[in-house]
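Novice: got a sequence here, can you build the structure:
(chains A and B)
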Amino acid sequence: MGPAPAGQQQRGSTSTGEPEVMELALEGLGKEKASSRKRAQAEAPAEGLPQPVKLSREELYKEPTNEELNRLRETEILFHSSLLRLQVEELLKEVRLSEKKKERIDAFLKEVIKRIQKVPPVPEAELTDQSWLPAGVRVPLHQVPYAVKGSFRFLPPSQITIVGSYPLGTCMRPDINVDVVLTMPREILQDKDGLNQRYFRKRALYLTHLAYHLARDPLFGSVRFSYPSGCHLKPSLLLRPHGKDERLVTVRLYPCPPLDFFRPCRLLPTKNNVRSAWYRGQSCPDYASLEPPTPHYNTWILQDTALEAHMHLLSSVLASAQGLKDGVALLKVWLRQRELDKGLGGFNGFLISMLVAFLVSKRKIHTTMSGYQVLRSVLQFLATTDLTINGISFSLSSDPSLPSVADFHQLFAVVFVDPSGRLNLCADVTASTYNQVQYEAELSMALLDSKADDGFQLLLMTPKPMIQAFDHVVHLRPLSRLQAACHQLKLWPELQDNGGDYVSAALGPLTNILVQGLGCRLHLLAHSRPPVPEWAINQDPPKHKDAGTLTLGLLFRPEGLTSVIDLGPEADRPEAAEFRQFWGSRSELRRFQDGAIREAVVWEAESLSEKRLIPHQVVTHLLALHADIPDTCIHYVGGFLDALIQGPRETSSTGEEALALAVRCYDDLSRLLWGLEDLPLTVSAVQGAHPVLRYTEVFPPAPVRPAYSFYNRHQELASLLPRLDKPCPAYVEPMTVVCHLEGSGQWPQDAEAVQRVRAAFQLRLAEVLTQQHRLQCRATATHTDVLKGGFVFRIRVAYQREPQILKVVRSPEGMISMRDTPASLRLERDTRLLPLLTSALHGLQQQYPAFSGVARLAKRWVRAQLLGEGFTDESLDLVAASLFLHPEPFTPPSVPQVGFLRFLYLISTFDWKNNPLIVNLNSELTAEEQVEIRSSFLAARTQLPVMVIVTPQDRRSSVWTQDGPSAQILQQLVSLAAEALPILEKQLMDPRGPGDIRTVFRPPFDIYDVLIHLTPRHIPRHRQAVDPPAASFCRGLVTEPGPSSLMPVLGYDPPQLYLAQLREAFGDLALFFYDQHGGEVIGVLWKPSSFQPQPFKASSLKGRMVVSRGGELVTVPNIEAILEDFAVLGEGLVQAVEARSERWTV
Amino acid sequence: MVSRRKKQKAGGHEGSVPSPPGYSAVPVKFSEKQQASHYLYMRQHRVRQGTQSTWPANRTLFILNVPPYCTQESLSRCLSSCGTIKTVELQEKPDLAESPKEPKSQFFHPKPVPGFQVAYVVFQKPGGVSAALNLKGPLLVSTESHPVKNGIHKWISDYEDSVLDPEALRLEVDTFMEAYDKKIAEEETKAKEEEGVPDEEGWVKVTRRGRRPVLPRTEAASLRVLEKERRKRARKELLSFYAWQHRETKMEHLAQLRKKFEEDKQRIELMRAQRKFRPY
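Specialist: From the prediction side, this is the model:
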C-alpha cells in the first residue's frame, strides 16, 4: 500500500478492512496526542514528515569537485531534473536482477544443459505412430488433422544456446525467464518439413520426450508446458528449480531447426505452406495455384530460424551501452503497466529491444544516451509513426527477390521487417494493439512535455488496467461462438493460416466492424490478448475456447458519444447500398431539415445515461448482424453503477436532466433578481452556491407539490409545518444563492450594523419579489427563501466589504491592520470562494458531461460508508474534478463508472501526507506556480490539514478541508477504498456479470461499539438508501402537477437534528457515523482516550461520573446513563440502541 | 475493570456515590422510566480572592454536568423544593467573571444545540443553597405534570419556532439602526467640533474627514510605501557589473542546484521507505 497519511507510522502496516481498523485508528489518535505533547516539549521534528533541508552555509558554498560538476552537468543534459534521475535509478535498482541471484541462475542453467544432453535417444517412428511415447506425458499440441506424413526420432540437441533478455542484461523482476534454444539435429528433420505443420509436430514431440525425462529429475521443482508467445503451434517447456528457488527463475526450452535447414524463399509471406487439401481433408488437387498464402504460419517457422541472428544483432547493439539497456528496461516497465506486453501479438520485450536496435541503426538513438532519453526517443518515434500504414524495415539488402514493405502491408496489419528482409517482427500484432501502443505513446509524450512534477510516477509507476483505462468494456463469452463467427465472416483462409485458432482469426475482422460502426463515438478500441496458458505435462493442451473471454475496451470521444443519429450517405449515392448492407435493418431513409434525403441509423435514447449506452446497442446489433453472435454472449459493462445515482423512482435517467431543470429554474430566478426595481441598492452579482447548481448533488431535487392535508399550516406566513401524527414529510433542501449588492458609502462600517442592514435587505427582497413577481417568499435575518417552480432557493444577501470589516484589528498604537478571524474566514468562504467554486465546476460539467455522474457516485460512496460527515461536499467535488482536470496517465472519463473506479484508485493511493492535491480549475495555475505551491506546502506541512486541496482561488489554506477529515477518518476512507477497488474491478471484469454491484456500497457495521437503529417513519430520505426499501412511508407529496402557494417544510431532517444533538452532547466521548441518504443505523465509536480515568476537572465533566479507583477520585464516562440518553434524545426516532458491550470496558 | 452489572449495583446504592471534595453529587434522570442516572455536581458558588464575580456568593448554587435535555424551567422546578429561586442560568462553560448575560436577539443569534452544561442558580435566601446540597434525588427532569419535549416533539416545535415573524424582525432592525445612526451622528459632530482645536498640550488631531485628508494609518498603506522605496533603490543598483558579482551568481546557482539535489534525495529516501519504487 502506497499511501501513508499522518499517523500510520505508529500503527505499522494496517491490515485493511479488519474490524480492528477503526479501533486501531482511534488508539492511534490517543497515542499521537500524547506523542505530540512530547514533541512540543522536546521540539523534535515531526517524524515521517519531510523537513526543509538545512545545509550549512559552508556546505552550500564550498568549492565543487570535478566529479560533482560532471554529475550536475550530466543530470542537466541527460535528464529532466535531478529528481527524475534519482527516481529512474531507484526504479532500475528495483527491477534489475541482483548479482547474487544471477550466480544462482547460472549454476542452475549449467545443470539444465547437462541434463538435457543426457536425455536418451529413441528410434525412428512414423509421426502418426506415437505409441513409443511413455505414459504420463501428452503431446503439447492439437494435432488437427492428425494424419501427417513423415517420421520422428529423438536425438539430443546438436547445440544449446541461451538467448533473450537474460544474456542481454535486460531481464526484469519479478518474473525472470531464461530462454534456451535447442537446435534439433539435422537427422530428425526431413525435406519439406515446413509443409503442413510437420515441423511443428516434430518440435512438439521433441519437447514431449524431453519433458518426460526431465520431469523425473529431482533437480526440477516443476516441469510444465506453455505457449510463451501465445502461438498455439509453438509450445515450449518450462523448467523451474526445486526447493526454495522455485520462484527464482523459469527456464524456457525452445527447439529450433538447424541453421539453413529451411530454404528462405519457401517461407516468404506470400507462399502457401498449409495445403487446403490436407487441412480441410478434401481432395481438390488441381488448385495449387489458388492456395491462399499462409503468412502467419510462415512467420512462426521463420521466427525459429532467426532466433540466433536476432540475438547476435541485439547483443552487438546493446552490449556496449548501459543507457540502452536501461532504456529497454524502462520501456518494458512502461509496456507492462499498460498491459501491452503479454499474449499473442503483444508488444513484448523482444519487439521493443528490436525497435531500440532499429532506432540505433537509424541514428535516432545514440549509444551514449541515458535510459530516460532512450525511453523518450522510442515513445516519440512510436507516437509519430504509424506502422499500420508506413511500415519500417531493418533490411539493407536490395535483393529484388525480397518482398517490399508494401507487400508486407498487403498481408499484415503492422509491419516491422527484420534484417533478413523476410520476417515481419510484428506479424501477430493487430492493428488495434498497435493503435493502442501509439495512443499510449502520444499520451506519455504529452505528459513528459508538460513538465508535470510527478511525470515519472504517472508514466512508469501507475498501472493502467483495462477497466480503469477504458470507458466501456465488452466481454465476449463463450469463445466457441467465435468459431461460428469465422464461418459467418467467411474466414476460412485465415483459419488455415492460423492453424485453426479461430480467436485470432476473427479478432481483426471483428474489431474492424466495431470500429467502423462506432465511428465518431470511438476514440480507441482495444482488445485483450488471450493469456498465456501453462499446463502440466500429463494434460492435453488447453483448447482455444479455454482462453475464457475476449474483452474489448472502448474509449469514447465525449463530443460524439451522445449523438442519437448516425448519418449515412445520400440515398442516390452508390455508397448508400454499402451503408444499408453494413447496418442491415437499422438503416432507414430519412429526410432532413436541410432537404437532404439520406440513409441514417437512429438509436432510441431519452436521457443522458441512455445516450451514453448507445454503443451497447451498436455493438449488439453489429455483432448479431455480421458475426452471428447473439446478445446472450455479449456482456456489456458500462452502466452498472448508474443504478446508484438514480432517483428513488427513476429507472432510465441518472439525474442529469433533473439537475438541469433545477439549474434552469435558478437561471430564471437570477434574471428576476437582476431586473428587480425598487431595491435601495442594485444587485451586482447573483451566484449559485449549492451542489445542485454545480451538478453534484447526489439526488437532484424534484419540484415540490405538497399535499396540504399532510401538514399543519402557519396561516400568516403561508408556510407548512410538520405534523406530529404523520410520518416525517419529504426533505426539501433550499438551494443557496448568493446575491451581492453594490458597494456604497451608505453601508455602515461596523460589523453589527452591517448585519442589521443585510437583514433589512432580506426583508425588502422578499417584499419586492412577492409584489413584482408573485413569488412566495419568507425572510429571516440571514436569508430569504423563495419558492419558484416547485424549487426553493435560499437567497443570501452579501456585501463585498464585510469580510474586510470583520478583519479589522486596531493595535494599541492606533495602527489599523487586517487579521483573519474565524468569522471573516467563514464569511469569505461562503460568499466569495463557494460561489467561485460552484461556477467553476458548473463550467467543468459543460466541458465534461460525465463529471456530474462521477462526483455524485463518489459522494454517494463516501456517504454510504458512513463517512460523509468527515468530508465537506466541496472537497469531494474537487477530488472528482481533479480526475477530469488531471487525468494523467489516463484521459478524462466519458462515463461515470470509469471515473468512479479512478476516484477509488486516487483515494487509495494518493499520498496526502506529502503532497497537496492541486486542482487547476480553468488552468489558472502555471507550472512554476505549482512547483512553488508544492515547496511551500512542504515547509508549512504541520500547520495544514491532513488533506490538502489547492485550487487557483485557494492556494494556501485549503479551506474545504480545514475542519476535517481527521487523520483517522481519512485513513479509514483510504483503507475502505483500497478494499473496494479490487472487489469492484473484479465484479466488472467478470464476464458472467457483476453480481451484486451494491456490495462495495454497503458499509461494515461490525466495527462499531454501539448501533442506534432508527425508525424509517421519521427518515425523510428513506427511499434513497443503497438498498432501496420495498415499501416506505408517504411523505406528503402529490404527483399531479400544479403550483404550490405555500412554503414547504424546509431542511427538516430528524436524523440530522438528532446527530447534531448527539455530537454536541457526546462529541468528546464518541464519534457518530451515519449515511444521510436513507441510513437506518447510526454507528457509534467510543474514543479510547476518553475512557481513560481522568482527574476531576470542572471544565471537562461532560457526561462523566466520579468514581474512586484505588483510593483516588477520578472521572469515567457514565456509559449506562449515556446509552439511555441516546434513546431519550431521539425519542420517536430511535427504535433500539444496540450496545455491543463486549467490545469495550470502562 | 468493572462489569456492567456490578456497576449498576454500585450506582444504585444510595449514599456511596463518591463526589469530589466540596461538591455533592445528586443523581438526575430524564423520567421515571430510565434505569441509570447522571450526576449533578453542586457546590456553593465561590471565587478566588481578587476575581470579580457578579453572582451573589452566598446565594448562588453552581451545578456541573447538567444533561442536554434539562431546561431552565425543569431545573428550577427540580430545585424549587429547596427554596424560592430567583434566576437559573445555563451556560456552556463555567464563567467566573462574567455577569448574567443580556438576552440576545433571537433573530441574529439562533438558539445553539445544547450539550452538557453548567448552571448558576440564584436563590432568594442563602438557605436554599445548603438545602440543595443535601438533596438526595434522583431528580426527574420530565414528569407527567410537567413533561419536557424531546425527540420528534422537540424538533417539530423547534421548527415551528424557527419560522419567525418578519415584522418583528423589521421592528428590531429599525430600532437598532436608529440607535446606531444616532451614535454615529454624535461621533461625527464631536469630531467636527474637535477639528483644528489644539488640546491642552497644543497638539492638533488630524483625521481623514478634515479639509486635508492624510494617509489612513493602516498596515497595508505602510507596506505599500516600503515596497515603493525598495523598488526605487533596486532600480539604482548595478547588476553583473563587477567580476565578483558574476562569480557570486554562479556560486549561487551551484548552491541552488545542491540544495535541490539534497531535497530530491530526501524525497527519494521517503519514497523508498514507502516502497514507492516497486512498479507492480
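
Novice: list the contacts of A:P558.
Specialist: By CB atoms under 8 Å, 6 or more residues apart in numbering or on different chains, the residues touching A:P558 are A:Y848, A:P849, A:A850, A:P892, A:S894. Backbone N, C-alpha and C define where each C-beta goes, glycine included.

Novice: quick check, pLDDT for the fourth one.
Specialist: To tie it back to what came earlier, the one meant is A:P892. With respect to pLDDT, A:P892 scores 92.

Novice: hmm, back to that, what about the contacts of A:P558, which are in strands?
Specialist: Per DSSP state E, strands hold no members of the contacts of A:P558.

Novice: for chain B, state which of those is nearest.
Specialist: When those are compared for distance to chain B (CB to the nearest CB), A:P892 wins out at 24.6 Å.

Novice: if we ignore the residues flanking it in sequence, what's nearest that closest one?
Specialist: A:F884 (4.6 Å; CB to CB, 6 or more residues apart in numbering or on different chains).

Novice: any idea which element that neighbour lies in?
Specialist: Assigned by DSSP states H and E, A:F884 belongs to helix A:873-885.

Novice: could you point out the longest strand of chain A?
Specialist: Secondary structure of chain A per DSSP E: the longest strand is strand A:791-799.

Novice: phi, psi of the nearest residue to A:L721 once chain neighbours are set aside?
Specialist: Closest residue to A:L721 apart from its sequence neighbours, by CB to CB, 6+ apart: A:N712 at 4.2 Å. With angles defined as degrees, to the nearest 10, A:N712 sits at phi -80, psi 160.

Novice: and the closest residue to chain B within the stretch 801-950 of chain A, backbone torsions?
Specialist: Going by CB to the nearest CB, chain B is nearest to A:S817 of the stretch 801-950 of chain A, at 3.6 Å. Dihedral angles of A:S817 (phi, psi; degrees, to the nearest 10) stand at phi -130, psi 160.

Novice: ok, now A:N915?
Specialist: The phi/psi pair for A:N915 (degrees, to the nearest 10) reads phi -140, psi 140.

Novice: quick one: pLDDT of it?
Specialist: 87.

Novice: could you do A:V356 as well?
Specialist: So A:V356 comes in at 92 (pLDDT).

Novice: show me what the helix holding A:F884 is in contact with.
Specialist: Counting by CB under 8 Å, 6+ apart, A:691, A:694, A:696, A:834, A:837, A:841, A:844, A:847-848, A:850-851, A:854-855, A:858-859, A:862, A:892-893, A:899, A:902-903, A:906-907, A:917-921, A:923, A:947, A:949, A:951, A:960-961 sit against helix A:873-885.

Novice: now swap in stretch B:66-76 and tell me
Specialist: Applying CB under 8 Å, 6+ apart, the external contacts of stretch B:66-76 come out as A:1061, A:1064-1065, A:1103, A:1125, A:1128-1129, B:28, B:30, B:38, B:40, B:63, B:85, B:88-90, B:114-119, B:121, B:141-142, B:146, B:148, B:150.

Novice: now do the buried residues in it.
Specialist: Going by neighbour count (16 or more other CB atoms under 10 Å in any protein chain shown), the buried part of stretch B:66-76 is B:V66, B:P67, B:P68, B:Y69, B:C70, B:T71, B:S74, B:L75.

Novice: what would these look like in TSV with secondary structure, distance to A:G568 and pLDDT?
Specialist: Below are those laid out as TSV (DSSP: H, G, I helix; E, B strand; the rest coil; distance: CB to CB, whole Å; pLDDT from 0 to 100):
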residue	secondary structure	distance to A:G568	pLDDT
B:V66	strand	79	89
B:P67	coil	76	89
B:P68	coil	71	88
B:Y69	coil	73	88
B:C70	coil	78	87
B:T71	coil	76	86
B:S74	helix	80	87
B:L75	helix	82	87
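
Novice: just give me the closest of the residues you listed to chain A.
Specialist: Minimum distance to chain A across those is 4.3 Å, recorded for B:P68 (CB to the nearest CB).

Novice: and the pLDDT for A:L825?
Specialist: Note on A:L825: pLDDT of 90.

Novice: swap in A:D1075?
Specialist: So, for A:D1075, pLDDT stands at 92.

Novice: assign it to helix, strand or coil.
Specialist: coil (DSSP: H, G, I helix; E, B strand; the rest coil).

Novice: hang on, it packs against A:V862?
Specialist: No: A:D1075 is not in contact with A:V862 according to CB atoms under 8 Å; the separation is 9.6 Å.

Novice: quick check, B:P56 in a strand?
Specialist: No: B:P56: not assigned to a strand; according to three-state DSSP it is coil.

Novice: give the bridge partners for the residue lying closest to it once chain neighbours are set aside, please.
Specialist: Spatially, and ignoring its direct neighbours in sequence, B:P56 is nearest to B:V122 (6.3 Å; CB to CB, 6+ apart). In this entry, B:V122 is beta-bridged to B:T60, B:T87, by DSSP bridges.

Novice: so how far is B:K111 from whichever residue of chain A sits closest to chain B?
Specialist: For chain A, the residue closest to chain B is A:E1131, as judged by CB to the nearest CB, at 2.9 Å. Distance of A:E1131 to B:K111, computed by CB to CB, to the nearest Å: 19 Å.

Novice: one step back: and the helix or strand following the longest strand of chain A, how far from the chain's centre?
Specialist: For strand A:791-799, the following helix or strand on the C-terminal side (DSSP H and E) is helix A:802-807. Its chain's C-alpha centre and that of helix A:802-807 lie 44 Å apart, by CA atoms, centre = their mean, to the nearest Å.

Novice: buried residues, helix A:802-807. List them.
Specialist: Across helix A:802-807, burial judged by 16+ other CB under 10 Å covers A:E802, A:P803, A:I805, A:L806, A:K807.

Novice: next one: stretch A:656-675
Specialist: Across stretch A:656-675, burial judged by 16+ other CB under 10 Å covers A:E656, A:A658, A:L659, A:L661, A:A662, A:V663, A:C665, A:Y666, A:L669, A:S670, A:L672, A:L673.
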